[in-house]
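Q: give me the fold of what follows.
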Amino acid sequence: MASHFDYSESRRHFMKLMARVGAGFAFSGTLGTFSNSAFAATGKSIEAGIAYPISTGFDPLTSSGASSLAANLHIFEGLVDLHPATRQPYLALAAKEPEQKDEVTYHITLREGATFHDGKPVTTEDVVYSFERVLDPAKASLFAQFIPFITSVKALDDNVVEFKLKYPFALFKERLTIVKIVPKHIVEAGQSAFDAKPIGSGPYKFVSATKDDRIVFEANTAYNGIYPAKVDKMTWFLLSDDAARVTAQESGRVQAIESVPYLDAERLKRKGKVESVQSFGLLFLMFNCEKAPFDNPKVRQALHYGLDTQKLIDIVFLGNAKAASSYVQDTHPDYVKAASQYDFDKAKAEALLAEAGITSLTFELLATDHAWVKECAPLILESWNALKGVKVSLKHLQSGALYGAHVDKGAFEVVIAPGDPSVFGNDLDLLLSWWYRGDVWPKRRFRWANTPEYAEVQKLLDEAVRAKTPLDAKAAWEKAINIIAQQVPLYPIVHRKLPTAWSDKSLTGFQPLPTTGLSFLGVERK
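A: Below is the predicted model:
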């Protein structure tokens, strides 16, 4: 998965930009600040193997490709950031916790002495500019959908920024992680140049990126936040070929690789550490809910019951996945087991089809062409074609073609595809809103927006984010999840585990991530 959503537009813009700038184009805790001496030159470097090519630029306004997003964790800071491994929010450019002045007003004080990579100070004007840029409808930023509750952002003085909200929003602090603070003077001088050579305030500076080859970083010695660079230089080799990535790790050319092929995990354990971390990342089953007979939830449920998910987990994932028991994985802090469970039950699947009046069901399954999805698809077909009266054929398509030529035009019946919006944030509202709010998915894609159940889910999602207590929020989310699990317009089949390999003889402080990418925040080279 080179990205986490349909990014064909963004990619087209990026490729034009690449042509203009040439091969020099290119990846770069808790309360407290450090003096500029927090970084000590070590003469050491870190090398890593990244599984995805550069597919978008690096400007946080539009950056959405897996490798660019991972790089930006090291190059940029938000006021608050999510720790890539623990997924817990920590203060980054904010010097202290947001101060709530009333139900819809917050003040945030900036970290003293924070500077951008060009040496200029991070100002409250930069913060205002960064948020207004994302919120500007003309900029069409993907990230605007995550902060619709913000009315205005204003600099009160050189140190404090005021946020006004449209309505009380319980997850205000968590959602601040969405917007990375950029230098106004650099972006206004040329957005395309900034997209190609980003300048942030994070612990690592961007040096260069070469398409299909590498991204190079160096330490930002002026950084005074809580995760200073521990090495002088980092090089991320772009190794989308599985065998090349494994070879690089085995030979010691790199100290860590992401996306370890399941078949190679045991072998790599002889050389170092391999850990498979449970992620939200899922394989979902999506229906065209306006097209008979898939407008009947019993038919949708039947295909979930008729799927031998454990066989997928054993054969394709070699145990590196869990059958979905809810919309989110069971390690998520707000996990609640859904009232509807789809354990493999051929008899129940056939009974539901009979109840729906279906004696013969013939359709084409559309699937993306990701390698592991291609391995899942034949097993899914085998399960369904074993059901009485069911006959399914299969077509694999690249993501852009699947959505652009089929799904967005309503020219489909059933789809399997991967997705992982948790790269953008981990709160339950964000994860649910990604697929079940707005026009893109429920209206244009799985076409469920005209149902009373959809309307009820919107009401419950609103209730949750405006709830007075976490318990009230959790109760509303649980009801929403139960409706989604019962209706299954789009619903996970499995949540994947993500295997990462690293050399514990070479690295100290390294943690594997529950999302795509690698993090070297606070990581040292022995």
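Q: C-alpha only now, for contacts and for neighbours.
A: Noted.
Q: ok, Phe412 - contacts?
A: 288, 364, 366, 406 (CA atoms under 8 Å, 6 or more residues apart in numbering).
Q: if I pick the second one, what's in contact with it?
A: Spelled out, it's Glu364. Glu364 neighbours (CA under 8 Å, 6+ apart): 392-395, 412-414.
Q: what does the third one give?
A: For Leu366, the contacting residues are 394-397, 402, 412, 414-416, taking CA under 8 Å, 6+ apart as the criterion.
Q: on that earlier part again, make TSV from the contacts of Glu364 and add pLDDT, distance to His185 and secondary structure to it.
A: Below are the contacts of Glu364 laid out as TSV (pLDDT from 0 to 100; distance: CA to CA, whole Å; DSSP: H, G, I helix; E, B strand; the rest coil):
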residue	pLDDT	distance to His185	secondary structure
Val392	98	56	strand
Ser393	98	55	strand
Leu394	98	51	strand
Lys395	97	49	strand
Phe412	98	47	coil
Glu413	98	49	coil
Val414	98	48	strand
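Q: out of those residues, which are buried?
A: 392, 412-414 (16 or more other CA atoms under 10 Å).
Q: export the residues you listed to TSV and tack on distance to Lys164?
A: Shown next, in TSV, are the buried ones among the contacts of Glu364 (distance: CA to CA, whole Å):
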residue	distance to Lys164
Val392	52
Phe412	43
Glu413	43
Val414	43
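Q: quick one: which two of these are the most distant?
A: Farthest-apart pair in those is Val392 and Phe412; separation 13.0 Å (CA to CA).
Q: and the buried ones among the contacts of Glu364, which is closest to Asp102?
A: The closest of these, once distances to Asp102 are taken by CA to CA, is Val414, at 47.2 Å.
Q: identify the bridge partners of the closest one.
A: Phe287, Leu365 (DSSP bridges).
Q: got the contact list for it?
A: Contacts of Val414 by CA under 8 Å, 6+ apart are 285-288, 363-366.
Q: which among the residues you listed gets closest to Arg133?
A: Met286 (33.3 Å).
Q: now do the contacts for the closest one.
A: Taking CA under 8 Å, 6+ apart, we find Met286 in contact with 414-416, 446, 488-491.
Q: spatially nearest residue to it (excluding sequence neighbours)?
A: Leu490 (4.2 Å; CA to CA, 6 or more residues apart in numbering).
Q: I figured the one you found was touching Leu285, is that so?
A: Yes - the pair Leu490 / Leu285 is scored as a contact, 5.6 Å apart, by CA atoms under 8 Å.
Q: and the strands in the stretch 151-300 of the chain?
A: 160-165, 204-210, 214-219, 233-238, 256-257, 273-287 (DSSP state E, counting those that start in this stretch).
Q: just those: most buried one?
A: strand 256-257 (a mean of 30; mean count of other CA atoms under 10 Å).
Q: average pLDDT for that one?
A: For strand 256-257, mean pLDDT is 98.
Q: just checking, what packs against that strand?
A: Applying 3 or more CA pairs under 8 Å, 6 or more residues apart in numbering; DSSP states H and E, one finds that strand 256-257 makes contact with strand 45-50, helix 242-251, strand 490-502.
Q: Pro98: which of the ones you listed is closest?
A: strand 490-502 (33.4 Å).
Q: check which residues of stretch 337-351 are buried.
A: The neighbour-count check on stretch 337-351 (16+ other CA under 10 Å) flags 337-338, 340-344, 346, 348-350 as buried.
Q: which residues do Leu490 and Leu285 both contact?
A: The overlap between the contact sets of Leu490 and Leu285 (CA under 8 Å, 6+ apart) is empty.
Q: that older thread, make CSV out of the helices and strands packed on strand 256-257 and add mean neighbour count, distance to Asp195 and mean pLDDT.
A: What follows is the helices and strands packed on strand 256-257, written out as CSV (neighbours: other CA atoms under 10 Å; distance: least, CA to CA, whole Å; pLDDT from 0 to 100):
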stretch, mean neighbour count, distance to Asp195, mean pLDDT
strand 45-50, 23, 20, 98
helix 242-251, 18, 27, 96
strand 490-502, 25, 29, 98
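Q: in a markdown table: the ones you listed, plus distance to Lys154.
A: Formatted as a markdown table, the helices and strands packed on strand 256-257 follow (distance: least, CA to CA, whole Å):
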| stretch | distance to Lys154 |
| --- | --- |
| strand 45-50 | 39 |
| helix 242-251 | 46 |
| strand 490-502 | 39 |
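Q: out of the ones you listed, the one nearest Gly202 is which?
A: Ranking those by their distance to Gly202 (criterion: CA to CA) puts strand 45-50 first, at 16.9 Å.
Q: from Tyr335, how far off is the residue sitting nearest the centre point of the chain?
A: The residue lying closest to the centre of the chain (CA atoms, centre = their mean) is Val423, at 2.2 Å. Distance, Val423 to Tyr335, by CA to CA, to the nearest Å: 18 Å.
Q: for the chain, longest helix please?
A: Assignment by DSSP state H gives helix 470-487 as the longest helix of the chain.
Q: average model confidence for that one?
A: For helix 470-487, the per-residue pLDDT averages 97.
Q: let me know the angle separating it from strand 490-502.
A: Here helix 470-487 points in a direction 110 degrees away from that of strand 490-502 (axes from the mean of the first three to the mean of the last three CA atoms, to 10 degrees).
Q: all good on my end, thank you.
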